[in-house]
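Novice: fold the stuff below for me.
(one chain, ligands or ions: 1)
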Amino acid sequence: MNNGALGIFDSGVGGLTVVRAVQELLPAENIVYLGDTARVPYGSKSPETIRRFSDEDARYLLGKNVKAIIVACNTATAHALPFLQQQYRIPVIGVIEAGVEAVLADPLAQRIGIIATRGTIDSHAYQHALALRRTGMMIVPQATPLLVPLVEENWLEHPATQQILATYLEPILAKHIDTLLLACTHYPLLVPTLQKMLGESVRIVDSATTCAEHVKKQLGQLEMLADPNQVGTLSIGLTDLSEQFEVLAKRFLHKTPPRIERVVL
Ligand code: DGL
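Specialist: Sure thing, here's the model as predicted:
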């Protein structure tokens, strides 16, 4: 048993979808969340910059004495996970493995659309991970770089968002996908809009929420789960505080967030 906090970071507020899922599944865990809102989005940055930012995020969390780090950002997982795992002694868990497992949980999934930031798509991390585990699948990757700023702006159902989504989805839908993988922790908030556009026959898989299962398994194996009798706490730090953040955080967490602290990395 280990009652130390779990450190969770993302480039912005998207990782709060992971926080919510972890709190639901592992209510005893204390969580320290860091959102690098001053530098979001990571998805359009170079791999070197993403690694550097991710390392700074991880170091901040290590300074809080966390027992493990969850990289709640697909872009950071794609480019920095192996680096962080080599660099630090505590477990560092990403979101990609969980997303891939969730897709493959359906034995009939054959035509997979992936939407993500440019950084995640260009890394080929999901394409490789999927192709390694199941042969004969058709994978349709699509970079959707405008979505993170739209979500951070809280434009979830805005006509401009719908139009942009329609443009992004056109080449994917032309391939008659059966599954759409949301390979970005910001995208779960777009699920209602996306499901309407895709119809019920397309299964939407989101790596954020499935990540919690993965964390539970990993920490369980390492005997690092918190005492189940305690009630976990949550603290949130952001590198920049913006006005709409409280609203967004509430949407991501499905409850009023605790007081948010501004942090300097
Ligand atoms: N939540 C991040 C991800 O999953 C957002 C990406 C970004 O900052 O561009 O990729």
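
Novice: gap between the residue positioned nearest the centre of the chain and residue 208?
Specialist: Central residue of the chain (CA atoms, centre = their mean): residue 185, 3.0 Å from the mean position. Between residue 185 and residue 208 the computed distance is 4 Å (CB to CB, to the nearest Å). The C-beta positions use only the backbone N, C-alpha and C, and glycine is treated the same way.

Novice: now swap in residue 27 and tell me
Specialist: Residue 27 is 18 Å from residue 208, by CB to CB.

Novice: compare those two (neighbour count), which wins?
Specialist: residue 208 (31 against 12; other CB atoms under 10 Å).

Novice: residue 18 is in contact with the more buried one, correct?
Specialist: Yes. With contacts counted by CB atoms under 8 Å, residue 208 reaches residue 18, the gap being 4.9 Å.

Novice: intersection of neighbour lists for those two?
Specialist: Overlap of the contact sets of residue 208 and residue 18 (by CB atoms under 8 Å, 6 or more residues apart in numbering) consists of 72, 95, 185.

Novice: test my guess that the first one contacts residue 18.
Specialist: Right, residue 72. Yes. Shown here, residue 72 and residue 18 form a contact pair, counting by CB under 8 Å, at 3.8 Å.

Novice: now do stretch 49-59: everything it contacts.
Specialist: 7, 9, 11, 34, 36, 39, 42, 45, 69, 71, 73, 75-76, 79-80, 83-84, 87-88, 92, 119, 265.

Novice: just the ones of those residues in strands?
Specialist: Applying DSSP state E to those, the entries found in strands are 7, 9, 34, 69, 71, 92.

Novice: in stretch 126-134, which residues are buried?
Specialist: For stretch 126-134, a neighbour-count test (16 or more other CB atoms under 10 Å) marks 126, 127, 129, 130 as buried.

Novice: next: stretch 81-96.
Specialist: 81, 83, 84, 85, 88, 90, 91, 92, 93, 94, 95, 96.

Novice: ok, the nearest residue to the third one once chain neighbours are set aside to residue 85 distance?
Specialist: It stands for residue 84. Excluding the flanking residues, the one nearest residue 84 by CB to CB, 6 or more residues apart in numbering is residue 92, at 4.6 Å. Separation of residue 92 from residue 85 (CB to CB) stands at 5 Å.

Novice: host element of residue 115?
Specialist: strand 111-116 (DSSP states H and E).

Novice: cool, and residue 237?
Specialist: strand 234-238.

Novice: just want the angle from that strand to strand 6-10.
Specialist: 30 degrees (axes from the mean of the first three to the mean of the last three CA atoms, to 10 degrees).

Novice: which ones are touching residue 23?
Specialist: If you count contacts by CB under 8 Å, 6+ apart, then residue 23 has 29, 31, 232, 234 around it.

Novice: you'd agree the second one is up against residue 231?
Specialist: No. In terms of CB under 8 Å, residue 31 does not count as a neighbour of residue 231; the distance is 12.0 Å.

Novice: could I get the buried residue list for stretch 248-258?
Specialist: Going by 16+ other CB under 10 Å, stretch 248-258 has these buried residues: 248, 249, 251, 252, 253, 257.

Novice: let me fix that, I meant to ask about stretch 223-240.
Specialist: Taking 16+ other CB under 10 Å as the criterion, stretch 223-240 shows 224, 225, 226, 232, 234, 235, 236, 237, 238, 239 as buried.

Novice: for the residues you listed, which two are the farthest from each other?
Specialist: 225 and 239 (29.4 Å; CB to CB).

Novice: element containing the residue of the chain most remote from its centre, please.
Specialist: The C-alpha centroid of the chain is most remote from residue 229, which lies 27.8 Å away (CA atoms, centre = their mean). Using DSSP H and E, residue 229 sits within no helix or strand.

Novice: each with direction, which strands does the strand or helix carrying residue 140 pair with?
Specialist: Using DSSP H and E, residue 140 maps to strand 138-143. Strands adjacent to strand 138-143 in the sheet, as given by DSSP bridges, are strand 111-116 (parallel).
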